[in-house]
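In: build me a model:
(2 chains)
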There are 2 protein chains.
Amino acid sequence: MRMSRLFLRTLRDDPADAEVPSHRLLVRAGYVRRVAPGIYSWLPLGLKVLARVEAIVREEMEAIGAQEVRFPALLPREPYEASNRWTEYGPNLFRLTDRKGADLLLGPTHEELFTLLVKDLYGSYKDLPLSIYQIQTKYRDEARPRAGILRGREFIMKDSYSFDVDDAGLEASYQAHRAAYVRIFDRLGFEYVVVHADSGAMGGSASEEFLAVSDTGEDTFVRSPGGYAANVEAVTTVAPDPVPFDGLPAAHAEQTPDTPTIDTLVAHLQERFPRDDRAWTAADTLKNVLVMLRHPDGSRSPLAVGVPGDREVDPKRLETQVSPAEVEPFGEADFAAHPDLVKGYIGPAVLGEDGPTGIRYLVDPRVVDGTRWVTGANVAGSHVIDLVAGRDFTADGTIEAAEVRAGDPAPDGSGPLELARGIEMGHIFQLGRKYAEVLDLKVLDENGKLVTVTMGSYGVGVSRAVAAVVESSHDDLGIVWPRALAPYDVHLIAAGKDEAVHLGAARLYDELRAAGLDVLFDDRPGKISLGVKFKDAELLGMPTIVVVGKGFADGVVEVKDRATGDRSDVPVDDLVELLSASVREGRPLPPPT
Amino acid sequence: MRMSRLFLRTLRDDPADAEVPSHRLLVRAGYVRRVAPGIYSWLPLGLKVLARVEAIVREEMEAIGAQEVRFPALLPREPYEASNRWTEYGPNLFRLTDRKGADLLLGPTHEELFTLLVKDLYGSYKDLPLSIYQIQTKYRDEARPRAGILRGREFIMKDSYSFDVDDAGLEASYQAHRAAYVRIFDRLGFEYVVVHADSGAMGGSASEEFLAVSDTGEDTFVRSPGGYAANVEAVTTVAPDPVPFDGLPAAHAEQTPDTPTIDTLVAHLQERFPRDDRAWTAADTLKNVLVMLRHPDGSRSPLAVGVPGDREVDPKRLETQVSPAEVEPFGEADFAAHPDLVKGYIGPAVLGEDGPTGIRYLVDPRVVDGTRWVTGANVAGSHVIDLVAGRDFTADGTIEAAEVRAGDPAPDGSGPLELARGIEMGHIFQLGRKYAEVLDLKVLDENGKLVTVTMGSYGVGVSRAVAAVVESSHDDLGIVWPRALAPYDVHLIAAGKDEAVHLGAARLYDELRAAGLDVLFDDRPGKISLGVKFKDAELLGMPTIVVVGKGFADGVVEVKDRATGDRSDVPVDDLVELLSASVREGRPLPPPT
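Out: Now for the predicted structure:
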């Protein structure tokens, strides 16, 4: 493609709304363009990268025998009503009404439709296992679309679904998908981790996420030296062993004036109730945090979460636990509605479904029987000391809502956790029979008996992958495409105003293309300086930049590797062979001369 | 692909809602599946055909230098507000609101967005000409979605847009697209005509449609022996020459009791007012038809249409003329609001914007000055005879709303018209400056002066093409795919229960694929009869069917050409070479032996 003809205009300045490198660079380099919040157009260069990602995904799906189909994006309400997701998705779902008043939605994911399609076509165990997939445009009305195509409201996903007659079959389908995902993300070329995931609103049991490791990612994950890795929402707390009650002191309420915070409380304890063996710390206190849950049907209910005072409640972990309900603040009006609650001094005595307030009370898993806590006495300026879990109070259950911290032990004993950030690129679920039950997908088994099919669901963020690659592969000058994804193999620049150079460059352009290379040829006239052309080349990010310039008279051109910055002079006659070999073998570099 | 694994279930019975062959066969053969009215899923075989159509369209677009981009389907209201199409599209537009209350729509076509994108990127005449296109999912909330994917509410289109600095440039871009469309539709392989079209709500001047000739088509077109062809909405009437008023008799009102219809009127005239030179016919009468127009802003206004009594008003031609207004019946309440109108006896005297009713009055182009008419006298049971156009009455203008009939003269003098039906497959428009003006797309010309860009807009119905091919290429047994579009080149059947036959067929399957052929292999076990397998093969419609059966022991297989029905026995050892050559050369048939 000649750059004089390419539908492209690079920008010198970052777009005002761009926070992360991929957003900044993909817009500046003319790969995508914003149409509305979270809604983007793909320009010619961007569409080529997208096509390459799609081709990789398609190849690996075909390799595990998954068959491609394509569902509409505009879908009827009824199947999503049956699964309750019409309601559960809340404001994240784009809903609309057609001219006849029928309710429609823009599909956020297609479990229901795939289930119904298989039900429509198949009826016997002999038809299974089956894996079908689509690469298709999806819609979610995100509250905070951000970072360009990294989190859009219209985006492209590969979603596949497996159908098996029994759990062993599901496990095999799941593992096949997992292996395909490993190959896909290996080929996309960014660093990634596979983490245990909470399956959230999708239902189902086993689930893992593929996260591109990136400081700009929205997801936090943990990993241990021993190889444990999990989405922070999925981390389970290592609870201590219960302690026998024998010999534990009795609980006693004490005046603790002016101690509305954990810090003031600990200082007060240390001053007024010093212990012989060790100092008081925040971890000795039990903090009871109140929130309101907004349920999909619009109703609200209060929830109290008890966590050790040295930890905050992690909003994302809490949200995951209470989903599909959403978490809202416990406001003044809510306090007013519960006069038994004394702000800053709330203790277990008034909480719990059987307690005076009737507020559901869930505690951190560390609050095991026999642990001793300092906590609110439900009287202003007063706390209870030595309140023993299981003896003096019992919660309605436990909840994994406390923050996870670096150094916390991995649940599988594989060592202390470290925290890092990532971009969710893939998610695989063992859905089980949730959708098959709701939508009545059954097949006849070997004995002629109807059995409910068990399903898996597997997603790859295809458009997001384009951004994730840029997040992992760029520098101050622009994008650095890996060979497998670059829109063009070679960026060929005709430098200066010498006509012989321009003719020579045009000849090389033809020769390189004849050798099967995709070439972007900056044939813009000589009055565009080499500096400008080079800046564009580095911004656009093709793996190899070839400059036909002054040296051309002496039979050499300059070849630059975009990734390493290595430059070398290459004899014109060797160029085609050198570059073809480099592309063919996926080598990053023509060897420096 | 092994049929034992293919996600497919053919149906013996036609779907209840299927009226046309393509709908019937594409559903029965498992190419598509209905999800909601006018909304379909693509199953594996269908998706393969769709991909082939897309590849052909893409190749021909690239060949004229058009560059591919992709816009979102979910679009903001504002650009469509600027062009007034937010309103003009009326109930055909899917509209929705996001969580923040912003108005969005599902794009029915993208003139506005392409215009804004070019405005965003380009600013000089040097950037033009430019043609950009997308292959993308579009939405229209059709009042009557029908015929499966032939007229859906979610469908795939290729839409391209050209941008030029002057009219000559637009003409060149238009002709380049026209030539590309000829190649596309030649390659798709159905009979088609290119007809003059009315550009309707799109605005602009020149416009042609590519219609697949088909009795099941919704569009009527005309053609003449001399090569004139037009969409019936675009046919212009050949008006007679005006007649001098000198010597024309004076108009005279006459009692014509009980003549509320044209037939009764003509009979009455013949009986009571016989003429010497020739009998009265319906063509001597002027029929005034009243309708109400519903405008995009919701307001209504009456319109009177005067046509010769031997012709009906063609609703589609009328609709085209009054678009974006919609035509509604003139009801009892409307008559009541206009007491000057005497039903059955309405004449020009009360019509016209300056007349007593103030109702806009448009007449057929045949009503030229000096023509004499029998028409209503605005008194029950009374008509005026010898009412002369231009002397006794003047309409507010003319309108092309009368039906076009076989035998009418072509407007270019190329002979009598014949009528036929077609499916609109492509539409090319010289939009001109309509969108560029509204959205302010200007570039600097050679003299540094800002000039408004002139645009073309060009569409191909990509998903519809799959149906159009089937409409043109099927028989009682099923689909008959042309080689260029068939999902598989060869349908290979293993017949009977003989294990050697099944092993031999499997070997041939491998060999044919190794030779680069796409093969669908019916490897289902022997208890599925050859009859069933053959029925499926004929329904699915691959161009070549190979049966490995009894003859295999003697070294021959049977090869059947799906289109011609020709069968021949082919030595097993020759099969691969024979079929590869046949596919390579696009030959329909292995030669009968």
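In: tell me the buried residues in the helix or strand harbouring A:Glu62?
Out: If you go by DSSP states H and E, A:Glu62 is part of helix A:44-63. The neighbour-count check on helix A:44-63 (16 or more other CB atoms under 10 Å in any protein chain shown) flags A:44-50, A:52-54, A:56-58, A:60-61 as buried. Every C-beta, even on glycine, is put in place using the N, C-alpha and C of the backbone.
In: ok, and the closest non-adjacent residue to A:Gly189?
Out: A:Pro482 (4.1 Å; CB to CB, 6 or more residues apart in numbering or on different chains).
In: from chain B, how far out is A:Thr544?
Out: Using CB to the nearest CB, to the nearest Å, one gets 23 Å for the distance from A:Thr544 to chain B.
In: could I get the contacting residues of that residue?
Out: A:489-491, A:559-562, A:579, A:582, A:590 (CB atoms under 8 Å, 6 or more residues apart in numbering or on different chains).
In: please report how far A:Gly101 lies from B:Leu104.
Out: Counting by CB to CB, to the nearest Å, the gap from A:Gly101 to B:Leu104 is 19 Å.
In: what number of residues lie near A:Ala581?
Out: 11 (other CB atoms under 10 Å in any protein chain shown).
In: A strand includes it, no?
Out: No - secondary structure of A:Ala581 (DSSP: H, G, I helix; E, B strand; the rest coil): helix, not part of a strand.
In: quick check: pLDDT value at the residue of the stretch 101-250 of chain A found nearest chain B.
Out: Nearest residue of the stretch 101-250 of chain A to chain B, counting by CB to the nearest CB: A:Leu121, 4.2 Å away. At A:Leu121, the model reports a pLDDT of 94.
In: quick check: it touching B:Leu8?
Out: Yes - using CB atoms under 8 Å, A:Leu121 is in contact with B:Leu8, at 7.5 Å.
In: so what sits against both of these two?
Out: Joint contacts of A:Leu121 and B:Leu8 (CB under 8 Å, 6+ apart) are B:Gly30.
In: now the helices for chain A?
Out: Here chain A has its helices, by DSSP state H, at A:21-28, A:44-63, A:78-82, A:85-88, A:111-121, A:167-188, A:262-272, A:315-322, A:332-337, A:434-438, A:462-472, A:499-514, A:530-540, A:572-584.
In: do the second one and chain B meet?
Out: Yes - residues of helix A:44-63 are located near chain B by CB under 8 Å from any CB of the partner chain, namely A:44, A:47, A:50.
In: swap in the shortest one?
Out: No - using CB under 8 Å from any CB, helix A:85-88 never reaches chain B; the gap is at least 14.3 Å.
In: quick one: distance of that helix to the chain centre.
Out: 21 Å (CA atoms, centre = their mean, to the nearest Å).
In: ok, now stretch A:396-405?
Out: Taking mean C-alpha positions (CA atoms, centre = their mean), stretch A:396-405 and its chain are 21 Å apart.
In: can you check stretch A:549-563 too?
Out: The answer for stretch A:549-563 is 42 Å, by CA atoms, centre = their mean.
In: buried stuff in that stretch?
Out: Buried residues in stretch A:549-563 (16+ other CB under 10 Å): A:549, A:551-552, A:556-563.
In: do the same with stretch A:278-286
Out: A:280, A:282, A:284-286.
In: now swap in stretch A:1-16 and tell me
Out: A:1, A:3, A:6-8.
In: quick one: which of those residues is nearest to A:Leu318?
Out: Nearest to A:Leu318, judged by CB to CB, of the buried residues of stretch A:1-16 is A:Leu8 at 45.8 Å.
In: nearest residue to that closest one in space, please, no chain neighbours.
Out: Closest to A:Leu8 by CB to CB, 6+ apart is A:Gly30, at 4.5 Å.
In: residue contacts, that neighbour?
Out: A:Gly30 touches A:8-11, A:43, A:45-46, A:540, B:121, counting by CB under 8 Å, 6+ apart.
In: give me that answer again for 7 Å
Out: A:8-10, A:43, A:45 (CB atoms under 7 Å, 6 or more residues apart in numbering or on different chains).
In: out of these, which is nearest to chain B?
Out: A:Arg9 (4.2 Å).
In: thought the closest one was touching B:Lys119?
Out: No - using CB atoms under 7 Å, A:Arg9 is not in contact with B:Lys119, being 11.2 Å away.
In: may I see the buried residues of stretch A:505-518?
Out: A:505-506, A:508-509, A:512-513, A:517.
In: ok, and what's touching that stretch?
Out: With CB under 7 Å, 6+ apart, stretch A:505-518 has contacts from A:488-490, A:492, A:494, A:519, A:521, A:523, A:548, A:575-576, A:579-580, A:583.
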